[in-house]
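**Student:** Need coordinates for the below:
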Amino acid sequence: QLRIKEELVEDFLKVMTACVMASRSEPGCLRYDMLRDTEDPCKFVTYEVFATQEAWENHREQPHVKDWGAFQYGPEKPVLSKSLTKATPLPLPSRGPSSARAMSQTRLAVRAEPLAIVLELVIKEECVEEFLEVMMTNAARSQEEPGCLHFEVMRDKADPCKFISYEVFTSQE
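**Tutor:** As a prediction, this is how the structure comes out:
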């Protein structure tokens, strides 16, 4: 998650749009999305999934990532706050091809404004197993809904009680 200085949001969008588009073409990049908060136009979330650690390390050396770094750490210091979570996707039943390219093609066909939801939560240790059971059932059923483009549940690598779900729907309806 990022919060950007209001006067630098347009510059941020230019730099990050270039970074996202180039990153999606990299070998090993399974998904790369940039989300803008619907209530705070200065708040953004990037969602990145790489096939391997090597693909992630290669990504970090690319010119478009270096451009983002130069902007991020440049003299104007555009980033007001930033948090990073490294997580492992949990295995969910799949309803077919879910590659980034297939999802991008699906997104291009969507007429309405897609809705993305990122949920972060910490579960009491004694409730984790029950949460996983309920969440996996929810994810499997959501993937069957016609408007669901993507649904993923991840577990934080550092805190086994912390989870993140990332859901994308064709519209808010």
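**Student:** where does residue 145 sit relative to residue 48, distance-wise?
**Tutor:** Plainly put, residue 145 is 25 Å away from residue 48 if you go by Cβ to Cβ, to the nearest Å. C-beta: built from backbone N, CA, C; applies to glycine.
**Student:** Can you give me the neighbour number for the residue nearest to residue 77 when sequence neighbours are not counted?
**Tutor:** Excluding the flanking residues, the one nearest residue 77 by Cβ to Cβ, 6 or more residues apart in numbering is residue 5, at 7.8 Å. Residues within reach of residue 5, counting by other Cβ atoms under 10 Å, total 14.
**Student:** now do the one 3 residues further on
**Tutor:** Burial of residue 8 is recorded as 18 neighbouring residues (other Cβ under 10 Å).
**Student:** Over to the one 10 residues further on?
**Tutor:** For residue 18, the count of nearby residues is 14 (other Cβ under 10 Å).
**Student:** list the contacts for it?
**Tutor:** 64, 67 (Cβ atoms under 8 Å, 6 or more residues apart in numbering).
**Student:** you'd agree residue 68 is in a strand?
**Tutor:** No. Judged by DSSP: H, G, I helix; E, B strand; the rest coil, residue 68 forms no part of a strand; its state is helix.
**Student:** neighbours of the closest residue in space to it that isn't next to it in sequence, just the number please.
**Tutor:** Closest residue to residue 68 apart from its sequence neighbours, by Cβ to Cβ, 6+ apart: residue 19 at 4.8 Å. Residues near residue 19, counting by other Cβ under 10 Å, number 23.
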